[in-house]
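Dropping the sequence and predicted coords here.
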Amino acid sequence: MLFDMPWIDYNRLIETHGNFAFTGWVSLILLALFVFELSGSLYKGTIYGWLLSGMALCSWATLFTTPFAATHHFSEYISLLYILLTYVFAWRFISGIRKIVANKAIVMLSVSAILCLVLSSAGTIMLACLFSAKSLNAILYRDALFGYLHLQYNGFFTLAVFAIIFNKIDKKVTDKIRRRIYVFSMLLCLSILPSMFITFLWHDTNIAYHIVSIIGSLLLFSSLIAFLLTVFSLRHGFILLKPVIRFLIFSSMAFFALKLLLQSLTIITPVNIFVFGDRPVIMGFLHLVFLGFVTLFIIAYLAQKGLLNITKSFTRFALLVFTIAVILNELLLMTQGLSELFVIGTTFFPLLLWYVGILLLAGSLLVAISRSSSGSLSR
């Protein structure tokens, strides 16, 4: 966006970035945590090792084939193979998890998360069909894209995170807290499909879409209330966490609460038109979930497990740099969106976002270096 680089296909580069961030980072590690953390019995099945390895290989293969015109066609077949691997994973996981995990909330969240992952592939397939047919149907394109993103971000990513969280604390909470967790989990799962219709209100829709969207919005707001009550119940355990992990978890959960609030408000027509018609706002919301909520949680979880050695000052510094970069990125994107709403946009925002992007890269590298240089704590 800033520099003249005619030798780069910007659209393919953006596509590569999105694919690799999804398949090579968040989806891969969430599925791995499902296998290794939800139950000690799951990872004994060798098929999971093969499936996760296959997904990782597909992710790296698309990274090196999607950006280039000569190999871009191959990346589509690799993406299809990745989807098929997720289908096999879903079938094996759903058939096994219900026999192993007793907690109903964890089963409901994890199974719903996997189903959202499978359903989201319909959006990918629809987009591929539109590109192959060279269709210019903007409504179909945006509906397929928004549907895919909704099922990934608000479905798979979100439900998977809470399945992992509640599995971690299940043996440490009272029955009263378990009931609150179950209510929150149920509301969150019920909100996924109805709230997806909110993303379709940007174009002319019939009254049925609006009714379902209103139900989705109410469920989202109810989920927010249930979430706050659940967090309040868990406050004592939160205080016992080490400061750096507490900071990461607090930031992650604050981003999640903000996500629910903003998402529920998009039922208001002017807000919906503004959000789904303004690229910086869309990017701000996507980054809020992807980086602020999900990525910060994963890093905190890895640190709590000892896979990141937070006893080392360098590791703590790396985590701080990355978290600050995430927060600055979110503030800039949201400010840019609001400034364009009031017709006071400035070309300075892309430059600032570039600087923050460099800081994000630096923070990521520092975290990777801290992991490789300082080792990890015992589990």
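Arrived safely, thanks for sending. Numbering: from 1, shown residues only.

Next up, the contacts around Met55.
By CB atoms under 8 Å, 6 or more residues apart in numbering, Met55 lies in contact with Thr23, Ser27, Leu28, Leu31, Tyr82, Leu85, Thr86, Phe89. Every residue, glycine included, has its C-beta placed from N, CA and C.

Now do the buried residues in stretch 109-126.
The neighbour-count check on stretch 109-126 (16 or more other CB atoms under 10 Å) flags 109-121, 123-124, 126 as buried.

Please apply the same query to stretch 283-292.
Met283, Gly284, Phe285, His287, Leu288, Val289, Phe290, Leu291, Gly292.

Walk me through the domains of this protein.
Domains of the chain are assigned by automatic domain parsing as 8-100, 273-379.

Kindly reformat the ones you listed as JSON lines and extend each row with distance to Leu201 and mean pLDDT.
Shown next, in JSON lines, are the domains of the chain (distance: least, CB to CB, whole Å; pLDDT from 0 to 100):
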{"stretch": "domain 8-100", "distance to Leu201": "24", "mean pLDDT": "89"}
{"stretch": "domain 273-379", "distance to Leu201": "8", "mean pLDDT": "83"}
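
Going through the contacts of Met55, which ones are buried?
Thr23, Ser27, Leu28, Leu31, Tyr82, Leu85, Thr86, Phe89.

Mind checking which of these are in helices?
Residues of the buried ones among the contacts of Met55 located in helices (DSSP state H): Ser27, Leu28, Leu31, Tyr82, Leu85, Thr86, Phe89.

got the contact list for the fifth one?
Applying CB under 8 Å, 6+ apart to Leu85 gives the contacts Leu51, Gly54, Met55, Cys58.

Spatially nearest residue to the second one, not counting backbone neighbours?
Meaning Gly54. Nearest-residue entry for Gly54: Leu85, 5.0 Å, with adjacent residues in sequence omitted and distances by CB to CB, 6 or more residues apart in numbering.

follow-up on the earlier one: which one of the domains of the chain lies closest to Leu136?
Closest to Leu136 of the domains of the chain, according to CB to CB: domain 8-100, at 15.4 Å.

Now find how far off-centre the closest one is within its chain.
In terms of CA atoms, centre = their mean, to the nearest Å, the centre of domain 8-100 is set 14 Å apart from its chain centre.

Show the end-to-end separation of stretch 304-317, please.
16 Å (CA to CA, to the nearest Å).

Buried residues, it. List them.
Gln304, Lys305, Leu308, Asn309, Ile310, Thr315, Arg316.

Ile165 and Leu261: what is the separation?
Using CB to CB, to the nearest Å, Ile165 is found at 20 Å from Leu261.

So between these two, which is more surrounded?
The residue with more neighbours, out of Ile165 and Leu261, is Ile165; 19 against 12, by other CB atoms under 10 Å.

picking up where we left off before, got the ones in helices among the buried ones among the contacts of Met55 as JSON lines, with distance to Ile211 columns?
JSON lines is the format used below for those (distance: CB to CB, whole Å):
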{"residue": "Ser27", "distance to Ile211": "32"}
{"residue": "Leu28", "distance to Ile211": "38"}
{"residue": "Leu31", "distance to Ile211": "35"}
{"residue": "Tyr82", "distance to Ile211": "36"}
{"residue": "Leu85", "distance to Ile211": "37"}
{"residue": "Thr86", "distance to Ile211": "32"}
{"residue": "Phe89", "distance to Ile211": "35"}
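
Where does pLDDT dip in the stretch 101-250 of the chain?
Where the stretch 101-250 of the chain drops to pLDDT under 70, the residues are 204-205.

where along it do the helices fall?
Assigned by DSSP state H, counting those that start in this stretch, the stretch 101-250 of the chain shows helices spanning 104-132, 138-150, 158-169, 175-196, 207-233, 235-239, 243-265.

TSV for those helices, including distance to Pro67?
Converted to TSV, the helices of the stretch 101-250 of the chain look like this (distance: least, CB to CB, whole Å):
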stretch	distance to Pro67
helix 104-132	16
helix 138-150	20
helix 158-169	28
helix 175-196	30
helix 207-233	36
helix 235-239	42
helix 243-265	30
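
out of those, deepest packed?
helix 158-169 (a mean of 22; mean count of other CB atoms under 10 Å).
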